[in-house]
Every structure is written in structure tokens, then in C-alpha cells.
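Chemist: Here is a sequence with its predicted model. Questions after.
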Amino acid sequence: MKPSLNMEEPMNCQIRRAESFLSPLLIQPIAIGNRLFNEIFDGVVLAYDVDIPSKDAKILPGIHSYFGVRLKAKLLLFSPKPNMLLEGKVVKLAQESIHIIVLGFSSAVITDDEIHGEFKYKIKHGEGVFISRSHKRHVIKVGTMIRFLVKSLDEEILHMTGSLNSPHTGSILWLDKKLEDASPSGRSTKKRRENLENREIQEHDAVDGGVVSLDNSHQIKKSKKRKISEKS
């Protein structure tokens, strides 16, 4: 008696194998070394989230056994375009240029003609910095996180040229502080802080004045007692 063949068994094995292969890929970041520009997606895939609506797989015909699975994927893309604002970290700085790293794998350079005229290059504590002429606290140096405008992108080497001529570019720390101070809540917080400081100064002065007046009155009473004793 020949053993009966169950055609569903190899298909179920294929499906289980497919699930075990796809499950670790469901939400994975792409390794930095594998982040390349993809022309189909018009950008660099940073991470993806895969959804498999059905566990059914289709065995594809051919010499080698392949299976097909329908799935949906959400992609996180890095796709910089001209006139887009990006953020990055300054890794090198000279009088003629500022060099930036974005997301740890893409580089950018801002040349002197794209650095706003309000920034002046100086040597401070042995290192080069760009300091705003109108806002002394607005400083760009190595390690500063900056916001810049994209001018162009070389897709092959993922290298960008940028600009600091836009009004919304520069040190992120300074830009955020400026935005916070300009907001109604920021102004009210600043006003409350100033009022509190003024009240503390007034209270301190009042206490000091009270101590002085008490000392003066005590001295007056003492002198009166001395005069009465002398008369007697």
C-alpha cells in the first residue's frame, strides 16, 4: 500500500518558513552602511514597518521553490529637496566653510558665500567660531546643532550643499530660545520672572530699611534715657 501524499503539508511548511523569515523584519531600522539612495522611493530608506494582512502564501512555479506573500509596508524616508530645512551637527568649521553631518551618514557643506553676512568668524579659546554681529549669544562652533537650507544633493555620495542665508537658519538652541521669548507664553513667563525678581529686591530693601529704623529708634530711646539720668 502506497502512503498517501498530503499536498497541503509542504505548503504549510513553506508558510511557516515564510513567517519565521519575515517576523524579525517587521520593524527594523536600516544599518547605516546600507543606507543608499533608492531611485524607486526617491530617497534613502531609514526604517520600515511591515504589515502582513494574510498568512496565505502562493507557491510560485519554477525549478527553485519560491513563495509569494502579499504585504503592506510603511517606509521612513530621508529625501532632502532644495529649499528644505534640515538639521545637523557641525563637525568642522573654518573661515571659508562649515561642515555638517546629518543623521550620522549624510554630509553637507556651507561655503562662505552661503553664510549670512551677520556672522563674523573669530578665534575664541583656540578654536574657530561664527558669532552673530547683532546677537552675541548666537554662536556656531564645532558640536553645535544647526538648521540650514538645502541647496543641492549629490544622490550617489549623499552629500549636500546648504545655506545660512534664510532667516530661520542658524544655531537651533538660539533659534528655539528666540521663538520661545517671542511667543505670548514666553513673554508672560519672562515678565513674571522679572516681576518676581523686582518683588524680591523690594522686599529685601524693605527689610533692610526696617532694621535701620529699629536701630535708629533704639539709639534715640537710649540717648533720652541717658539725658534723664544726667539731669537727675
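Modeler: Arrived safely, thanks for sending.
Chemist: rest of the way, CA atoms for contacts and neighbours
Modeler: Noted.
Chemist: Look up how far Lys58 lies from Ile52.
Modeler: 14 Å (CA to CA, to the nearest Å).
Chemist: next one: Gly104
Modeler: 40 Å.
Chemist: again, but for Glu96
Modeler: 60 Å.
Chemist: Ok, Asn34 next?
Modeler: Distance from Asn34 to Lys58, by CA to CA: 30 Å.
Chemist: Which one's more surrounded, these two?
Modeler: Taking other CA atoms under 10 Å, Asn34 and Lys58 do not tie; Lys58 has more neighbours (13 against 10).
Chemist: bridging residues for the more buried one?
Modeler: Gly68 (DSSP bridges).
Chemist: The residue lying closest to Asn38 once chain neighbours are set aside: which element?
Modeler: Once flanking residues are discounted, Asn38 sits nearest to Val44: 5.8 Å by CA to CA, 6 or more residues apart in numbering. Per DSSP states H and E, Val44 falls inside strand 43-51.
Chemist: May I see the buried residues of that strand?
Modeler: Along strand 43-51, these residues count as buried under the neighbour rule (16 or more other CA atoms under 10 Å): Gly43, Val44, Val45, Leu46, Ala47, Tyr48, Val50.
Chemist: How about stretch 142-157?
Modeler: Within stretch 142-157, judged by 16+ other CA under 10 Å, the buried ones are Val142, Thr144, Met145, Ile146, Arg147, Phe148, Leu149, Val150, Lys151, Ser152, Leu153, Glu155.
Chemist: Sweet, I'm off.
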